[in-house]
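Colleague: The following block contains a protein sequence and its predicted model.
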Amino acid sequence: MTRTLPLADPGAISEAARLLRAGGLVAFPTETVYGLGAIATDETAVAGIFEAKGRPRFNPLIVHLPERARVDEIAEITPDAARLADAFWPGPLTLVLPRKAGADLSLLASAGLPTIAVRVPAHEGARALLEAVDAPVAAPSANASGRLSPSTAAHVAASLRDRVDLILDGGPCAVGLESAIVDASGARPALLRPGGVAAEEIEAALGRPLLRADESGADAGSPKAPGMLASHYAPGLPIRLDARAPRPGEAFLAFGADAPAAAAANLSPTGDLREAAATLFALLHELDDPTRYAGIAAAQIPEVGLGRAINDRLRRAAAPRG
Ligand code: AMP
Ligand code: MG
């Protein structure tokens, strides 16, 4: 049985914050839907989100902060973003912004992208929790992959069962619909997902029309619709999958104990998939160095649990580029 605490219980928020700071998973209410939170400064904690949801791929997550002033510790607030933050934060609007160089923020949280999705929720309990954690919290909807977004604590318990350390029960969510997502990282703001704030209201605050996902297709520099985000981060070097040993010039990305001595890096020497997910993006970035290597050869990763998401990422990185 999953532990559930009423949000209003004395000590509930400090207990939830303690669990998050220790790398645990806590489901909490926001005004949109219940989120499955992990501290966003810890790669292993963020990997736990994907494990608990059973997602077959790493999609970038929304990072939550208690107030706008905290956002510029991790992201660049562009002029468009400032306008939208003034108009809709705290509230059901997520902004995709350039990640700040050197920000203390998991690479997995943004799936290796140079941008990060950020939101300041309006829900008082969510903000009190975020204040208490005193660090950014990554949180997708608190449901198993492929299931409906949860708007009550009972939905979360039914979907995630014992895969979450604590559920904070704040009653039904007021909006009950996901946040709207606007990519404000580029020259022209784009609506990536319709949601809790209407597109017309966003356009009124911006003073100009949003690029809609269906218009952005051919324009290489423009953002993609959420479903197309898959192109994500791809290393510049060619990737060879299911390798047993490096060929001359290749960096070998090993997994598990029986790695060849010549391995350049190991995703997890103990064969732990959560550790492998947590180190994947950092190691790909590190090995993607044409001054040292001609290519990257990746060991075989078991196609179970988080291994499926790791393999999905590696396969995309290895696919011929268009
Ligand atoms: P969820 O957390 O379940 O509400 O879904 C978050 C969604 O936000 C992802 O599936 C993406 O579509 C979108 N998203 C998050 N981060 C980014 C980003 N850096 N760039 C573009 N879209 C993003
Ligand atoms: Mg979701």
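Modeller: The structure has been received and is ready for your questions. Ligands and ions are numbered 1, 2, ... in the order given.
Colleague: count of neighbours near A257?
Modeller: 10 (other C-beta atoms under 10 Å). To be clear about C-beta, it is placed using only N, CA and C from the backbone, and glycine gets the same treatment.
Colleague: now swap in P302 and tell me
Modeller: With other C-beta under 10 Å as criterion, P302 counts 15.
Colleague: Quick check: it vs A245, distance?
Modeller: 19 Å (C-beta to C-beta, to the nearest Å).
Colleague: L107 too?
Modeller: Separation of L107 from A245 (C-beta to C-beta) stands at 27 Å.
Colleague: Counting neighbours, go ahead and name the busier of those two.
Modeller: Taking other C-beta under 10 Å, L107 and A245 do not tie; L107 has more neighbours (19 against 14).
Colleague: Tell me who's in contact with the residue nearest to that one when sequence neighbours are not counted.
Modeller: Nearest non-adjacent residue to L107, counting by C-beta to C-beta, 6 or more residues apart in numbering: F281, 3.9 Å away. Counting by C-beta atoms under 8 Å, 6 or more residues apart in numbering, F281 touches L107, L108, A111, G112, Y233.
Colleague: let's go with 7 Å and repeat that
Modeller: By C-beta atoms under 7 Å, 6 or more residues apart in numbering, the contact list for F281 reads L107, L108, G112.
Colleague: Now name the helix or strand holding it.
Modeller: helix 273-287 (DSSP states H and E).
Colleague: Quickly check: that helix near ligand 1 or not.
Modeller: No: Helix 273-287 stays clear of ligand 1 (C-beta under 6 Å from any ligand atom), getting no nearer than 13.0 Å.
Colleague: Which helix or strand lies directly C-terminal to that helix?
Modeller: Downstream of helix 273-287, the next assigned helix or strand under DSSP H and E is strand 295-299.
Colleague: For that following strand, the averaged confidence score.
Modeller: Mean per-residue pLDDT for strand 295-299: 97.
Colleague: and the angle from it to helix 273-287?
Modeller: 170 degrees (axes from the mean of the first three to the mean of the last three C-alpha atoms, to 10 degrees).
Colleague: I'd like to know which elements strand 295-299 is packed against.
Modeller: strand 239-243, strand 250-254 (3 or more C-beta pairs under 7 Å, 6 or more residues apart in numbering; DSSP states H and E).
Colleague: and the first one, what does it pack onto?
Modeller: The reference is to strand 239-243. Checked by 3+ C-beta pairs under 7 Å, 6+ apart, strand 239-243 has strand 295-299, helix 306-318 packed alongside it.
Colleague: most packed of these?
Modeller: Each of the helices and strands packed on strand 239-243 was scored by mean neighbour count; the highest is strand 295-299, a mean of 24, by mean count of other C-beta atoms under 10 Å.
Colleague: Next, the angle helix 306-318 makes with that one.
Modeller: 160 degrees.
Colleague: Neighbours of G176, how many?
Modeller: 14.
Colleague: quick one: low-confidence parts of the stretch 101-250 of the chain?
Modeller: 214-233 (pLDDT under 70).
Colleague: the strands in it, which residues?
Modeller: Under the criterion DSSP state E, counting those that start in this stretch, strands of the stretch 101-250 of the chain are mapped to 115-119, 137-138, 166-169, 180-183, 190-193, 211-212, 239-243, 250-254.
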